[in-house]
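Enquirer: Task: produce atomic coordinates for the following.
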Amino acid sequence: MAWIPIPGVDPRIKGRWINLSPQRRFVCDLLHFARAVPSVPTQRRMHLADLIEARGRRPQRISWCAIFIKAFGIVAAARPELRRAYLPLIWPHLYEHPISVASFSLERTYRGEPGVFFARIPRPEEHSLRELDDLVRHYQSAPVETVPTFTQALAISRLPRPLRRLVWAIGLYSDGACRGHFFGTFGISVVGSLGAAGLHILSPLTTTLNYGTFTDEGALDVRLTYDHRVLDGAPAARALADLEEVLHGEIRAELLEAAEPVSRPAIEQVA
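Expert: Numbering: from 1, shown residues only. Here you go, the predicted model:
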């Protein structure tokens, strides 16, 4: 059949074939297993003007990522259900990890292409905010080739897809302790610094926290996406309420410990 010309279409103009980089393969594998999770997002608007003021009084500001990692770590340490995971093998059951392991995402450039990498911090509630902030900044700036969790993910992503998926399945489903160690017990994924927010984060983990940008009044929408096989709506809502209480309490108090002194008139003006 003869080719029928279409107005405005030039058949000589063609795109190019781009092979999937290890970074893109990693995301494809992540989404493959995240699709199996019946996740539900829940949201709470938190009013954190006092926390913003306390953070601004430190000589060196703590990143919001570090603040939320520690705050949710405190909540998860007190709520065992936030350290549980659904395991389908050998029969469907829940596994409860003895400690919290925070897994947070970062955008890093590897061989000229940006990609998503994940770093893990065990027992985040036992670290100071300064220590957590240093860890976050280390993972943000250290050469990709020098960070074991990054190189491990890249090495697995270079395998053929059947082998990659097998490694992921073993890590996620075969043993709860292995899952907690290599994948974490909760995730944090944010792009708030870029002025945006994800509405429904896809993740193979039981809970994933994300938040958007602050309003002028200091309000912030914080979302918790949870695996409904493990958690119901009420425990997820209570976890967000506890998180706000921890932010106003322990986290704010720690921020104020190293705050620069502010004169009384300045405090009144801020208030």
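Enquirer: all contacts plus neighbour counts: C-alpha atoms, from now on.
Expert: Fine.
Enquirer: what about the stretch 151-271 of the chain, any weak spots by pLDDT?
Expert: 259-271 (pLDDT under 70).
Enquirer: Show me where it has its strands.
Expert: 186-188, 207-211, 219-227 (DSSP state E, counting those that start in this stretch).
Enquirer: who touches the first one?
Expert: The reference is to strand 186-188. With contact meaning CA atoms under 8 Å, 6 or more residues apart in numbering, strand 186-188 is reached by 65, 69, 82-83, 100-105, 205-210.
Enquirer: One more: the last one?
Expert: For strand 219-227, the surrounding residues in contact (CA under 8 Å, 6+ apart) are 37-49, 199-201, 205-214, 236, 240.
Enquirer: Leaving out sequence neighbours, find the closest residue to T213.
Expert: Of all residues not flanking T213 in the chain, G192 sits nearest, at 5.3 Å (CA to CA, 6 or more residues apart in numbering).
Enquirer: ok, the one you found to G212 distance?
Expert: According to CA to CA, to the nearest Å, G192 stands 5 Å off from G212.
Enquirer: packing partners for the helix or strand where L132 lies?
Expert: If you go by DSSP states H and E, L132 is part of helix 129-141. In terms of contacts (3 or more CA pairs under 8 Å, 6 or more residues apart in numbering; DSSP states H and E), helix 129-141 is packed against helix 64-78, strand 101-110.
Enquirer: hmm, try it at 7 Å
Expert: Where contact means 3 or more CA pairs under 7 Å, 6 or more residues apart in numbering; DSSP states H and E, helix 129-141 is packed against helix 64-78.
Enquirer: what packs against the helix it packs on?
Expert: Contact analysis of helix 64-78 by 3+ CA pairs under 7 Å, 6+ apart lists helix 129-141, helix 233-246 as its packing neighbours.
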